[in-house]
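# coordinates for the following, if possible.
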Amino acid sequence: MQKNYYAIIPANVRYDNDLTPNAKLLYGEITALCNERGYCWAGNSYFSDLYKKDKSTIKRWIKQLEDKGYITREVKYKEGGFEIEARWIQLCTGGEVKNTPTPSVKNEPDNNTSFNTTSFNTTSNITTTNTAFQFYEQNFGMMSPHIIEDMNAWVEDFNEQEEIIIQALKIAIDRNKRNWGYTKAILKDWHSKGVKTLSDIEALDNENKAKGSVRNEVVQGSGDQYSNLF
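Modelled structure (predicted):
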């Protein structure tokens, strides 16, 4: 539902060439929501529905605003797990957060993000579990708050199909690249190619294998062509 509060986009935001026009528009929407409670409680789903953009696009706009110091984010996780209970955005003035009331997680359904727990089979040398977060900690080590938030965003981008995140983590292990940066590069590649299921990943893998086979045949054929010269 669209809010009837005034949106404010100050000059430093309007004329910031590092921001995309839509990121500036989003800033205005955040100010409107902050006028209601002193902070913005809406999740990425709210903005995605409002602007008819996917959640990964909303995430990029928010990151632009955060990187430039126009907003800050605070994420609260449910006790004993990695499920997001609430996410708040606050406005900054001169690098400082404006005085705002203490947010409450009650009656704020837009914040809630739940995760499916999908069973899967793994090779014998990889710990089996049922969430990407547990899989990471059991095979990579403790997660920092930054990685937790980042992984939450990727789970959201892949429609909460954690098995896709787990598959990327498995590939990182197989290639002896046990770090989140390498895993995230795999996820970015899959997302850019429209991956939505494990079957899509398998199809991409088969396609790459087929291309590699064709290249080998071309190289071998070229060698045969010139073999009589030696």
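# in this structure, which spans are helices?
Per DSSP state H, the chain carries helices over the ranges 11-14, 21-37, 44-51, 55-67, 132-139, 145-157, 162-174, 180-192, 198-226.
# how about N22: what's its closest non-neighbour residue?
Excluding its sequence neighbours, the residue lying closest to N22 (CB to CB, 6 or more residues apart in numbering) is W61, at 5.9 Å. Just so you know, the C-beta spots here come from the backbone N, C-alpha and C atoms, and that holds for glycine as well.
# show me what contacts the one you found?
20, 22-23, 26 (CB atoms under 8 Å, 6 or more residues apart in numbering).
# just send the helices of the chain back as a markdown table, with distance to E74 and mean pLDDT too.
Converted to a markdown table, the helices of the chain look like this (distance: least, CB to CB, whole Å; pLDDT from 0 to 100):
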| stretch | distance to E74 | mean pLDDT |
| --- | --- | --- |
| helix 11-14 | 21 | 92 |
| helix 21-37 | 13 | 88 |
| helix 44-51 | 15 | 86 |
| helix 55-67 | 11 | 89 |
| helix 132-139 | 19 | 86 |
| helix 145-157 | 10 | 80 |
| helix 162-174 | 24 | 93 |
| helix 180-192 | 21 | 92 |
| helix 198-226 | 34 | 70 |
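# now for these, which one comes closest to R73?
helix 55-67 (6.2 Å; CB to CB).
# between helix 44-51 and the closest one, find me the angle.
If you take axes from the mean of the first three to the mean of the last three CA atoms, to 10 degrees, helix 55-67 sits at 110 degrees to helix 44-51.
# mind naming the longest strand for the protein?
Identified as the longest strand of the chain according to DSSP state E is strand 84-93.
# that one: which residues count as buried?
84, 86-91 (16 or more other CB atoms under 10 Å).
# list just the nearest of those to Y15.
L91 (17.5 Å).
# in this structure that closest one contacts G69, no?
No: taking contacts as CB atoms under 8 Å, L91 lies outside contact range of G69: 10.6 Å.
# before we move on, the earlier item: out of the buried residues of strand 84-93, who's nearest L187?
Of those, the one sitting nearest to L187 (CB to CB) turns out to be I84, at 18.4 Å.
# can you check the pLDDT for that closest one?
Note for I84: predicted pLDDT of 68.
# and for the one 10 residues further on?
According to the predicted model, the pLDDT of G94 comes to 54.
# which helices and strands does the longest strand of the chain pack with?
Secondary-structure packing of strand 84-93 (3 or more CB pairs under 8 Å, 6 or more residues apart in numbering; DSSP states H and E): helix 21-37, strand 71-77.
# now G38: how far from Q138?
Using CB to CB, to the nearest Å, G38 is found at 40 Å from Q138.
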